[in-house]
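Enquirer: Compute the structure for the input listed below.
(2 chains)
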Amino acid sequence: MATVSDLSLKNRLWYHRYTFRRVDPLPWAAPGPPLTESRVGVVTSAGVHLPVDPPFERVKGGDFSFRWIPEDAAPSEMKCTHPSSAWDRSGVEEDANLAVPLDRLRDLQDAGEIGDLAPRHASFQGSITAPLRLIRQTAPEVAQGMAEDGVDVVILTPV
Amino acid sequence: MGLIAAALEDRGIRTVCLSTMEAIMGKVAPPRWLDVPYPMGFPLGRPLQPVLQKRVLRSAFRLLEERGPGPIRGEYDPENDR
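Expert: Here you go, the predicted structure:
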C-alpha cells in the first residue's frame, strides 16, 4: 500500500492542494445476477491501449478521453502512454494484466467463476485535475456503452 | 475513479475499485473498494503472477455480496489468502 510520503515532492504538493471529488449521494446499483452469471468489464486509469489507438496526451487539466479495448485484445500487445510520473509503470509495461486483467478474467470464465467478459473495456488516463468533461461527457459515455453491452459488474483499476 | 464508478452505478452496473493508496481512495470513496498492499501502478499485485492476480480479483468480487449503501471497503490480505 502506497502512502503520500511515497510521492515525489511535486506530487505531494499536488495531493495537498487538489480538491478530490466525492459523489454525494453515492449511487448504488441494485443487486444483479450471481457472479457466475455476470458479464464483467474493466475500466482502468492506467492509460493503456492498443497500438493502433492514439496515445494519451499531456494537456492542461488532464486528458479526459478514453479508449475502448475489445474483449479479444491481448494484454501483451497493449501500450501505456499515461504521461504522469507519479506512479511506477514498469509493472504494467511488463504485464498489462495489472491494469486490464483480460487474461485473468478469461481464466475465471473458463473456470466457471464469472459469466463472461464484456465485449469491450475502457481505458482512461488518470491525473485529471479538471474533471468537468469527464463527469459530463466521457464517464457517462463509457457507462452508457457498457450498459448497452449488458455489463453487470466492472472492476476499476486506478494506478 | 470515483466519478466513473458513480456513472456506472447510476446505470445499474455494480463496481469494485482496487486501491493502492488509501489516502486518495478514502477521499474519493467509490461505492466499493478493496485496499491492496501493493505500490501505485500494481493494483493486481505483481506482473506475470496469474495466481496472485486471480486471488485479488476474487477478493474484489466478494465485496459485491455486501449490502449497501456504500461506501463499502475491504482489504486484501495475502497472508490469509493462500
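
Enquirer: Flag the shaky bits of chain B, pLDDT-wise.
Expert: Along chain B, the parts satisfying pLDDT under 70 run over B:82.

Enquirer: Taking the centroid of chain A, which residue is nearest it?
Expert: A:Thr44 (1.1 Å; C-alpha atoms, centre = their mean).

Enquirer: Put the alpha carbons of stretch A:72-86 into CSV.
Expert: The C-alpha trace of stretch A:72-86 is given here as CSV (Å, rounded to 0.1, in the frame of the first residue of the first chain):
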residue,chain,number,x,y,z
ASP,A,72,-10.3,-10.3,-27.6
ALA,A,73,-7.4,-7.9,-27.1
ALA,A,74,-4.1,-9.4,-25.8
PRO,A,75,-2.7,-7.5,-22.8
SER,A,76,0.8,-8.5,-24.1
GLU,A,77,0.2,-6.2,-27.1
MET,A,78,-1.0,-3.1,-25.2
LYS,A,79,0.8,0.1,-24.8
CYS,A,80,0.9,2.5,-21.8
THR,A,81,1.0,6.2,-22.7
HIS,A,82,-0.1,7.7,-19.3
PRO,A,83,2.1,10.8,-19.0
SER,A,84,2.3,11.1,-15.2
SER,A,85,5.5,10.3,-13.3
ALA,A,86,3.5,9.8,-10.1
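
Enquirer: coming back round to it: quick one: residues contacting the residue nearest to the centre of chain A.
Expert: By C-beta atoms under 8 Å, 6 or more residues apart in numbering or on different chains, the contact list for A:Thr44 reads A:Ala99, A:Val100, A:His121, A:Ala122, A:Ser123, A:Phe124, A:Leu156, A:Thr157, A:Pro158, A:Val159. All C-beta spots, glycine's among them, are computed from the backbone N, C-alpha and C.
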